[in-house]
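Chemist: The following block contains a protein sequence and its predicted model.
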Amino acid sequence: MRIVLGVLSALLGALAGWSALAALVIMLAGPDRDGGIAMGAFFDIGPIGGFAGLIAGIWLFVRFGLVRDAVPQPATEAGAPRPAARLSLPFAIPVLLVAAGLAWWGWYEFIRSPYLSHGFMTLDIQFRLPAGMTLPDKEEDVRIEVQEAHGYANAMLPPNWRAHDGERRAIISSASLMYKTRHRAVSLTLPGLATQSWPIDLPSDPDPTPGFSPWRVASEASQAKVEMHFRLRADR
């Protein structure tokens, strides 16, 4: 157990030193549009902090991770008594908790992965307005927001976003999906109308849909019953 705790202490120190030095360099360097500074800070400068953190982790383990018993053990062959060393629980417990937390995070990010198996996928969304209702004149007057997990993104309007279905006006838009989650929704806000929202009924890790879903009205009661349907397609 001492060896395990010592190795964990050294690895956590290396990880902390690597990350801290890289983050410090990025913070001092300021904005980085092409990502070159971040890459250099992490791969070129970060290892220096990692080595320093490795040494610090070993020192902390030797200094605080091991405690000596007050009662000496039997004398060695050289005749000098040597106190027995044991692990310090106040040191071991935080190290094990931090290591367990990082292991869970690594499992979530790299094995379970919160990202869709197909990579980024495009959600095509169409809205059909009630008969007689006109479309806004400006693209800026149309706000379409897609909720995915705990994040929000604005849907994009193509140049031909003004459409129609027979005599009824329609809006065409699209948004990217990237996360595995069952909590997805889309909302539409138009001038003079309260925001209306619809749930996106897809599995947590969906496959592309064969076509558009049926038209449906918003979950909130509204005089203007705008309808929405969607389809999901893979970007690759």
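Modeler: Yep, it's here.
Chemist: Break the chain down into its domains, please.
Modeler: With automatic domain parsing serving as the domain definition, the record reports that the chain contains domains spanning 2-69+85-112, 121-234.
Chemist: any chance of these in a markdown table, plus mean neighbour count and mean pLDDT?
Modeler: In short, each C-beta sits where N, CA and C put it, glycine included. As requested, these are exported to a markdown table (neighbours: other C-beta atoms under 10 Å; pLDDT from 0 to 100):
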| stretch | mean neighbour count | mean pLDDT |
| --- | --- | --- |
| domain 2-69+85-112 | 15 | 85 |
| domain 121-234 | 15 | 92 |
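Chemist: What is the longest strand of this protein by residue count?
Modeler: strand 168-177 (DSSP state E).
Chemist: Within the sheet, what are the partner strands of the next helix or strand after that strand, with directions?
Modeler: Once the chain leaves strand 168-177, the next helix or strand it forms, by DSSP states H and E, is strand 184-189. When pairs are called by DSSP bridges, strand 184-189 turns out to pair with strand 143-148 (antiparallel), strand 196-199 (antiparallel).
Chemist: From the contact counts, what lies against the longest strand of the chain?
Modeler: Applying 3 or more C-beta pairs under 8 Å, 6 or more residues apart in numbering; DSSP states H and E, one finds that strand 168-177 contacts strand 121-128, strand 143-148, strand 151-154, strand 162-165, strand 184-189.
Chemist: do you know which of those strands lies nearest Ile171?
Modeler: Comparison of the helices and strands packed on strand 168-177 against Ile171 by C-beta to C-beta identifies strand 121-128 as nearest, at 4.3 Å.
Chemist: Distance from the chain centre to the biggest helix by length in the chain, please.
Modeler: Under DSSP state H, the helix in the chain containing the largest number of residues is helix 2-29. The gap between the average C-alpha position of helix 2-29 and the chain average comes to 21 Å, counting by C-alpha atoms, centre = their mean, to the nearest Å.
Chemist: and the helix or strand following it, how far out from the chain's middle?
Modeler: Downstream of helix 2-29, the first helix or strand assigned by DSSP H and E is helix 36-40. Centroid displacement of helix 36-40 relative to its chain, using C-alpha atoms, centre = their mean, is 21 Å.
Chemist: With stretch 174-193 instead?
Modeler: Using C-alpha atoms, centre = their mean, the mean C-alpha position of stretch 174-193 is found 18 Å from that of the whole chain.
Chemist: what do you get for stretch 56-65?
Modeler: With C-alpha atoms, centre = their mean as the basis, stretch 56-65 stands 33 Å off its chain's centre.
Chemist: Could you list the residues in contact with that stretch?
Modeler: 5-6, 9-14, 16-17, 87-88, 91-92, 95 (C-beta atoms under 8 Å, 6 or more residues apart in numbering).
Chemist: Thr134 versus the spatially most central residue of the chain, what's the distance?
Modeler: Most central residue of the chain, judged by C-alpha distance to the mean C-alpha position with C-alpha atoms, centre = their mean, is Pro114 at 7.0 Å. Distance, Pro114 to Thr134, by C-beta to C-beta, to the nearest Å: 41 Å.
Chemist: likewise Met27?
Modeler: 50 Å.
Chemist: again, but for Met121
Modeler: From Met121 over to Thr134 the distance is 32 Å, taken as C-beta to C-beta.
Chemist: now swap in Ile93 and tell me
Modeler: 66 Å.
Chemist: if we can go back for a sec, how far away from the center of its chain is the longest strand of the chain?
Modeler: On C-alpha atoms, centre = their mean, the centre of strand 168-177 falls 26 Å from the chain's centre.
Chemist: Return the set of residues that bridge with the spatially closest residue to Arg128 that is not a sequence neighbour.
Modeler: Counting by C-beta to C-beta, 6 or more residues apart in numbering, Arg128 lies nearest to Glu227, which is 4.4 Å off, once chain neighbours are set aside. In this structure, Glu227 has beta-bridge partners Arg128, Val217, where bridges are defined by DSSP bridges.
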